[in-house]
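> Predicted model and sequence below, questions to follow.
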Amino acid sequence: MKSINLAAIDLNLLVAFEALLEQRNVTKAAEQLQIGQPAMSAALNRLRILFKDELFVRLGRQMQPTLKAQAIAPGILTALQQIRQTVTSSQIFEPTDSDRTFAIGSSDYASFVLIPALLDLTHQTAPSLNFRMIGFEKDSVGDLLEQGAINVALGVFADPPRQTQWEPLFEERFVGIVRQGHPALKQGTMSLETFAQLSHALATLRRDSTGAIDKILNQHNLERRIAFTTPHMMVLPFAIASSDLVAALPRRIALKLATVCNLTIFELPLKTKPWTVSMLWSALSNQDQANRWLRNTIKAISQQIKIN
């Protein structure tokens, strides 16, 4: 069977066919579609040429469908209904009723800080939504977003990929942590020299033992010993709790785990730069209603984090 070239067919003709089938009158069909009667008559003529049939014949006061029109009507009406449902479903997102799954690319830190609040909020307002947390390499985040493997990415992005949209969420900074009762901490403070002399723990995704703090210590002609490294930031508080190690940790993680891990938090005896936690998404999903809801929800949660 020869395939029909749909590009050569004005699909508005099918809408005209539907109106004629419902109204059985050219004038009323034109009014339903809010077009002039000459335009509706022209559409009927084009339909007759397309289907090689009269389709509608005047009998009395009405235009009655021919046998051909009756035969093709179910298929046309079903196709139009499917198109309408597809367009409507793509434009309407109701989080309260949706069972959609969102994939969020995130580091351990961003997951720890943002996701509990996101789950708490959606449990109350959108209980059927699902979330998948996915780790990623920063040099692949643009491709993951463009391919739809993740809906948003959360983290620190010094140089966001060009094909992504970017929005800062909040700032973070380092604080020092030691176990409670650590002898090196005097009245809640620690000298720079003491800090450098202690054995340190470091969370790093790179397979080395150099962090931002080492560069600052070098400026003071100081070095530290990195006794323990891990790619998992959440391991640090527990490692510190059972040792005499010291570590620098993002403030919000330290505050949340200080009581759980029996830690003491102190201000570092050197100045470190704060950094910005941001959200990335693909330009391809910029106008999608579901993705916009997810981004707006994360932004709203981040507004609370800013002040805490």
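That came in fine, so what should we check first?
> Could I get the pLDDT score of residue 147?
Confidence at residue 147, expressed as pLDDT, is 91.
> Could you check how far the closest residue to residue 62 other than its chain neighbours is from residue 108?
The shortest distance from residue 62 to any residue other than its chain neighbours is 4.1 Å, reached at residue 24 (Cβ to Cβ, 6 or more residues apart in numbering). (Each C-beta comes from the backbone N, C-alpha and C, glycine too.) The gap separating residue 24 from residue 108 is 67 Å, by Cβ to Cβ, to the nearest Å.
> And the strands in the stretch 1-150 of the chain?
56-59, 62-65, 101-106, 130-134 (DSSP state E, counting those that start in this stretch).
> Indicate which one of these is closest to residue 231.
strand 101-106 (14.6 Å; Cβ to Cβ).
> can you pull the buried residues of the helix or strand bottoming out on mean pLDDT in the chain?
Using mean pLDDT, DSSP states H and E, the weakest-scoring helix or strand in the chain turns out to be helix 67-91, at a mean of 87. Using 16 or more other Cβ atoms under 10 Å as the test for burial, helix 67-91 gives 69, 72, 76.
> Number of residues surrounding the closest residue in space to residue 253 that isn't next to it in sequence?
Nearest non-adjacent residue to residue 253, counting by Cβ to Cβ, 6+ apart: residue 112, 6.0 Å away. The local packing of residue 112 (other Cβ atoms under 10 Å) involves 17 other residues.
> same check, this time on residue 166
Neighbourhood size, residue 166 [other Cβ under 10 Å]: 12.
> any idea how far residue 250 is from it?
Distance check for residue 166 against residue 250: by Cβ to Cβ, it reads 20 Å.
> same question, residue 193
When distance is defined by Cβ to Cβ, residue 193 is 25 Å away from residue 250.
> try residue 47
If you go by Cβ to Cβ, the gap between residue 47 and residue 250 works out to 66 Å.
> now swap in residue 165 and tell me
The gap separating residue 165 from residue 250 is 25 Å, by Cβ to Cβ.
> When those two are compared, which one has more neighbours?
Neighbours around residue 165 and residue 250, counted as other Cβ under 10 Å, are more numerous at residue 250. The numbers are 21 against 16.
> list the contacts for the more buried one?
Residues near residue 250 by Cβ atoms under 8 Å, 6 or more residues apart in numbering: 109, 113, 172-175, 233.
> Does residue 203 touch residue 228 like I think?
No - when contacts are counted by Cβ atoms under 8 Å, residue 203 is not listed as touching residue 228 (9.6 Å).
> Comparing these two, which shows the higher neighbour count?
Each of residue 203 and residue 228 has its neighbours counted (other Cβ under 10 Å); residue 203 has more, 22 against 17.
> Leaving out sequence neighbours, find the closest residue to the more buried one.
Of all residues beyond its chain neighbours, the one nearest residue 203 is residue 233 (4.2 Å), with distances taken as Cβ to Cβ, 6+ apart.
> so the one you found makes contact with residue 109?
Yes - here residue 233 reaches residue 109: they are 5.6 Å apart, a contact under Cβ under 8 Å.
> any common contacting residues for these two?
By Cβ under 8 Å, 6+ apart, residue 233 and residue 109 have these common neighbours: 250, 253.
> For the residue sitting furthest away from the middle of the chain, give its distance to residue 152.
Computed with Cα atoms, centre = their mean, the maximum C-alpha offset from the centroid of the chain is found at residue 60, amounting to 59.6 Å. According to Cβ to Cβ, residue 60 and residue 152 sit 62 Å apart.
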